[in-house]
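Peer 1: Build me a model:
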Amino acid sequence: MEIMGKSFWQPIKIERTLNPMEITLRLTASLANRFTKNSKVISHRIEKEENLLSFIEDIDRTFPGIKSALITENLDILDSINIYVNGENVRYLEGIKTPIHDGDVINVIPAAAAG
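Peer 2: Okay, the predicted model is just below:
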């Protein structure tokens, strides 16, 4: 089909721009008090898909010290911390290498001990 000399079925070129992806980080009051001036919910933009470690390292640039409160020097999650991505404990996923995607919600919760 032609409309005024042009094919009606020509493909349309769509330009894609790299949009930052938004990740939500939720902290307990104690962690928020120590690192984020009491902000319990942080929206953080990333340029590309990352894993949990790279996300934590990125957050640590904004909130210095948070990385060492969550992971060891050997890059293991501290025993006293539980980290969940979309409600799933990362210890049962890929640990610190768990992929992070646009729209994910990361919850950081100190482990509870019963006695």
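Peer 1: pLDDT averaged over the longest helix along the chain - what is it?
Peer 2: Using DSSP state H to define each element, the chain has its longest helix at helix 52-62. The predicted model gives helix 52-62 an average pLDDT of 94.
Peer 1: What is the three-state secondary structure of the residue nearest to the spatial centre of the chain?
Peer 2: For the chain, the residue nearest the mean C-alpha position is Ile23 (4.5 Å; Cα atoms, centre = their mean). Using DSSP: H, G, I helix; E, B strand; the rest coil, the structure places Ile23 in strand.
Peer 1: Contact partners for it?
Peer 2: Ser43, His44, Arg45, Ile46, Phe55, Ile100, Asp102, Gly103, Asp104, Val105, Ile106 (Cβ atoms under 8 Å, 6 or more residues apart in numbering). Any C-beta I mention is one placed from the backbone N, CA and C, and that applies to glycine too.
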